[in-house]
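> With the sequence up front, the predicted model follows.
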Number of protein chains: 6
Amino acid sequence: MSETEFKEVPIGTSAVFTKTVSESDVYQYAGISGDFSPNHIDEEYMKEGRFGARVAHGTLLLGFMSAASARLYLGRTASMGYDRVRFIKPVFFGDTIRTEYKVREYDHTKKRVFADVTCTNQRGETVAVAVNVRAYIG
Amino acid sequence: MSETEFKEVPIGTSAVFTKTVSESDVYQYAGISGDFSPNHIDEEYMKEGRFGARVAHGTLLLGFMSAASARLYLGRTASMGYDRVRFIKPVFFGDTIRTEYKVREYDHTKKRVFADVTCTNQRGETVAVAVNVRAYIG
Amino acid sequence: MSETEFKEVPIGTSAVFTKTVSESDVYQYAGISGDFSPNHIDEEYMKEGRFGARVAHGTLLLGFMSAASARLYLGRTASMGYDRVRFIKPVFFGDTIRTEYKVREYDHTKKRVFADVTCTNQRGETVAVAVNVRAYIG
Amino acid sequence: MSETEFKEVPIGTSAVFTKTVSESDVYQYAGISGDFSPNHIDEEYMKEGRFGARVAHGTLLLGFMSAASARLYLGRTASMGYDRVRFIKPVFFGDTIRTEYKVREYDHTKKRVFADVTCTNQRGETVAVAVNVRAYIG
Amino acid sequence: MSETEFKEVPIGTSAVFTKTVSESDVYQYAGISGDFSPNHIDEEYMKEGRFGARVAHGTLLLGFMSAASARLYLGRTASMGYDRVRFIKPVFFGDTIRTEYKVREYDHTKKRVFADVTCTNQRGETVAVAVNVRAYIG
Amino acid sequence: MSETEFKEVPIGTSAVFTKTVSESDVYQYAGISGDFSPNHIDEEYMKEGRFGARVAHGTLLLGFMSAASARLYLGRTASMGYDRVRFIKPVFFGDTIRTEYKVREYDHTKKRVFADVTCTNQRGETVAVAVNVRAYIG
């Protein structure tokens, strides 16, 4: 694999993306994805449940993971997928989520890179984790 | 687990969500997630690469998976995560994606349900797969 | 009219769509529709008036009516229009609106269905009503 | 009714709002309203039907009617509703819609104004009509 | 310059556009522009700084200036640019911004018009100023 | 000025932001800014004029300038304004705009940095230029 094809950064290198989740993020995300579950858009329904308020879609965090990976430029690569995505704690409107994308290892045969991704809220609690797989796309 | 807590639908039951991916979906998704990788918003850059044109974010498909799950109402549940998410083929602007969410099994001890999720384009090609895990949230 | 053309559900059948109206709903609606009346986007102006705060566009509720009708799948139909749409009470940002779409009668000659639509807020107050007319579109 | 309360423009006065309907208008409208009917977001489904392509939500036109009314400033008024809203022809992505809002009459007792509203496409075809009722809101 | 080409309004004529800046305005603006600076989307980061909270992008105000100019119809003109744009005070979410666009002078040779533009918040403080240049575009 | 206050990058350092302008960018920008000039949203009107088609708002490019500046991290700074912003050529939907933000000089007394900003389209034509002023904000 030539230098021009794939920009290999050292293992352990990480990139961070931080954003305060707004009501408009969640509402627009519902509008794009088509997920109008009451968990995200019905405050009255959520008041009565365990969470007590509307929460962000778990998959919105995958978007932040995608953004963090884009900040660690690896050349012409594309995301091949994710392993063991886990939504650990609910994310409420107004929470500030810090997403860290850290290179774990390379598979030189398949021209792939694996990274550990972690989303943390403003209280330092881990709200989601996943492993991302990226590959060279020419 | 009482009837009021969790609505158990038979194994094999599925729900479908279909949407033609628009340029505005991808651009708004970039705007919410913060992923401004040239793969999604730079047509000139993509013309020179393997794909030949801008493509949707892989994680946008996770949103469609989330939407399909919301159409198979299972009571007060929340997505706990995804296993083995794989983006198999690129999704271009204008592609119509049919997402099927099919119940695979229940874990009664942990009050969880597992589902196979598949995204197919208008040519019948599988563009993404994943396993979703949902749990009762009270 | 064949079964494949029009899926006739019993009179009195209803579908419900519920959503908490967000500031972003109203602002995006202004942006799409082009209605930038101060009633919706100027808090200072509204403080001095009868409502006391910015309100949602009445026609946004027509969108919710449209969403509720889409949840009562009637086959290849399209909305032909509305009769006697009335905006009865203002809808404020944060109000949770429950929209019920109930089949009232069929006109078999013209292949049409009429439905009563009612929007109610979280205090049980009726905020809007209308009659919707849908027709088979082949 | 004093001058400060209600700005009475002569009967027959009209205001016009013109906009080319974009794919993003329809997709964002689906996202706000929650109406994800295939009529608007599934090109493959629509290809096989009478329309041949995705169409705008009829109720999106009500938004344009609302915008046209906002251009004919009438003081502190709010829309009370619409009578006989009819969606006459489908509106496709890329159609340019000219919406004319024309004052028809005043009801001085109830402090109301009635207006005829007409939406026309770029071929001069009437695509929608309605009667709007506005009232003084203090 | 003929009447049909350029609609010359008297010097000193002004148009006003007023809008309460919403969180969704700023977040959507970040999404369109690509400016994800923490100043606008990271509440925790901003709490520790001089402003104390997230602020709107200064360039969002240029959009309001553009809107105000559009309300003072000058015929087939286009904005040629701005001189001495200054962002004087931060604009917070919820601030109501009144933008006044006032014609200063005409350059008949170059078929141009110059205007002074001022943005003021709800406390009467000037938050931004600029000079706009518009020209006839045929 | 200490290192912690202001991250001074060498004069001549530049950052680039590239984006293909979508119809949804322009329409959402109209929606946020309130600038509904026919130049941007009325295709029929524009067909008859010099440009021949809808164009992006000039001020949208200011957003791209803002995004490019955010990619050249300068510590806790905020944009103080712009000098001599000029929109030189129209930007059409689908044009790919490369925005370069290049540090020109520092004013150590006022803790300010000046940068030359240039927007170029896919044919290498300069479509806009400006000078940006940023300052330390603590």
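Arrived safely, thanks for sending. Here the structure is a predicted model, which means the values were calculated and not measured.

> mind checking pLDDT for A:Tyr136?
Looking at A:Tyr136, its pLDDT stands at 82.

> Name the helix or strand for the closest residue to chain D within chain A, please.
Residue of chain A nearest chain D, by C-beta to the nearest C-beta: A:Gly31 (1.9 Å). Just so you know, the C-beta spots here come from the backbone N, C-alpha and C atoms, and that holds for glycine as well. Secondary structure from DSSP states H and E places A:Gly31 in helix A:23-33.

> just the helices in chain A please.
Per DSSP state H, chain A carries helices over the ranges A:23-33, A:38-41, A:43-47, A:58-71.

> Quick one: residues contacting the closest residue to chain E within chain A.
For chain A and chain E, the shortest gap (C-beta to the nearest C-beta) falls at A:Ser24, measuring 3.5 Å. A:Ser24 sits next to C:22-24, C:27, E:22-24, E:27-28 when contact means C-beta atoms under 8 Å, 6 or more residues apart in numbering or on different chains.

> Now with 7 Å, please.
Contacts of A:Ser24 were listed using C-beta atoms under 7 Å, 6 or more residues apart in numbering or on different chains, and they are C:22, C:24, E:23-24, E:27-28.

> Strands along chain A, start to end?
In chain A, the strands defined using DSSP state E lie at A:14-20, A:77-87, A:96-107, A:112-120, A:126-136.

> any residues touching the shortest one, and which ones?
Put plainly, it is strand A:14-20. Strand A:14-20 has contacts (C-beta under 7 Å, 6+ apart) with A:64, A:67-68, A:71-72, A:94, A:96-102, B:34, E:38, E:41-43, E:54.

> and with 6 Å instead?
Strand A:14-20 is contacted by residues A:64, A:67-68, A:71-72, A:96, A:98-102, B:34, E:41-43 when judged by C-beta atoms under 6 Å, 6 or more residues apart in numbering or on different chains.

> That strand pairs with which strands, and in what direction?
strand A:96-107 (antiparallel) (DSSP bridges).

> who touches A:Phe114 in this structure?
Per C-beta under 6 Å, 6+ apart, neighbours of A:Phe114: A:104-105, A:133.

> Just send the strands of chain A back as a markdown table, with distance to A:Lys47 too.
Formatted as a markdown table, the strands of chain A follow (distance: least, C-beta to C-beta, whole Å):
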| stretch | distance to A:Lys47 |
| --- | --- |
| strand A:14-20 | 22 |
| strand A:77-87 | 21 |
| strand A:96-107 | 23 |
| strand A:112-120 | 25 |
| strand A:126-136 | 21 |
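
> and of these, who's closest to E:Pro10?
Counting by C-beta to C-beta, E:Pro10 lies closest to strand A:14-20 out of the strands of chain A; the figure is 46.4 Å.

> Pull out the buried positions in the closest one.
A:14-15, A:17-20 (16 or more other C-beta atoms under 10 Å in any protein chain shown).

> ok so, going back, okay, the residue of chain A closest to chain E: pLDDT?
pLDDT recorded at A:Ser24 is 98.

> picking up where we left off before, would you turn the buried residues of strand A:14-20 into a markdown table with pLDDT and distance to E:Met80?
Output for those, formatted as a markdown table (pLDDT from 0 to 100; distance: C-beta to C-beta, whole Å):
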| residue | pLDDT | distance to E:Met80 |
| --- | --- | --- |
| A:Ser14 | 95 | 45 |
| A:Ala15 | 95 | 40 |
| A:Phe17 | 96 | 37 |
| A:Thr18 | 97 | 38 |
| A:Lys19 | 98 | 36 |
| A:Thr20 | 98 | 37 |
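
> Below-threshold pLDDT in chain A: ranges please.
Across chain A, the ranges flagged by pLDDT under 70 are A:1-6, A:73, A:138.

> let's go with 90 and repeat that
A:1-9, A:49-50, A:70, A:72-78, A:108-111, A:136-138 (pLDDT under 90).

> Now render the helices of chain A as JSON lines, adding distance to D:Arg50.
Listed next are the helices of chain A as JSON lines, based on distance: least, C-beta to C-beta, whole Å:
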{"stretch": "helix A:23-33", "distance to D:Arg50": "27"}
{"stretch": "helix A:38-41", "distance to D:Arg50": "33"}
{"stretch": "helix A:43-47", "distance to D:Arg50": "38"}
{"stretch": "helix A:58-71", "distance to D:Arg50": "35"}
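
> Can you say which of those helices is nearest to D:Lys7?
helix A:23-33 (33.8 Å).

> quick one: contacts for the residue nearest the centre of chain A?
Nearest to the geometric centre of chain A sits A:Met65, at 2.4 Å (C-alpha atoms, centre = their mean). A:Met65 makes contact with A:99, A:117 under the criterion C-beta under 6 Å, 6+ apart.

> The residue of chain A closest to chain D: what's it in contact with?
D:Gly31.

> at 8 Å instead, please
B:28, D:27-28, D:30-32.

> ok, for A:Tyr82, nearest residue in space, not its chain neighbours?
Using C-beta to C-beta, 6 or more residues apart in numbering or on different chains and skipping the chain neighbours, the partner closest in space to A:Tyr82 is B:Val85 (4.2 Å).

> Now the two most distant members of the contacts of A:Ser24.
The widest separation within the contacts of A:Ser24 (C-beta to C-beta) is 12.7 Å, between C:Ser22 and E:Gln28.

> A:Leu61 is in contact with A:Ala128, isn't it?
Yes: contact criterion C-beta atoms under 8 Å: A:Leu61 and A:Ala128 qualify, at 4.5 Å.

> Which residues are in contact with each of those two?
Counting by C-beta under 8 Å, 6+ apart, the contacts common to A:Leu61 and A:Ala128 are A:87, A:119.

> Near chain D, which residues of chain A? Just list them.
A:27-28, A:30-32, A:34, A:36 (C-beta under 8 Å from any C-beta of the partner chain).

> circling back: any figure for the gap between the residue of chain A closest to chain D and B:Ala128?
Going from A:Gly31 to B:Ala128 by C-beta to C-beta, to the nearest Å gives 20 Å.

> what about stretch A:36-54, start to end distance?
Terminal residues of stretch A:36-54 lie 12 Å apart, using C-alpha to C-alpha, to the nearest Å.
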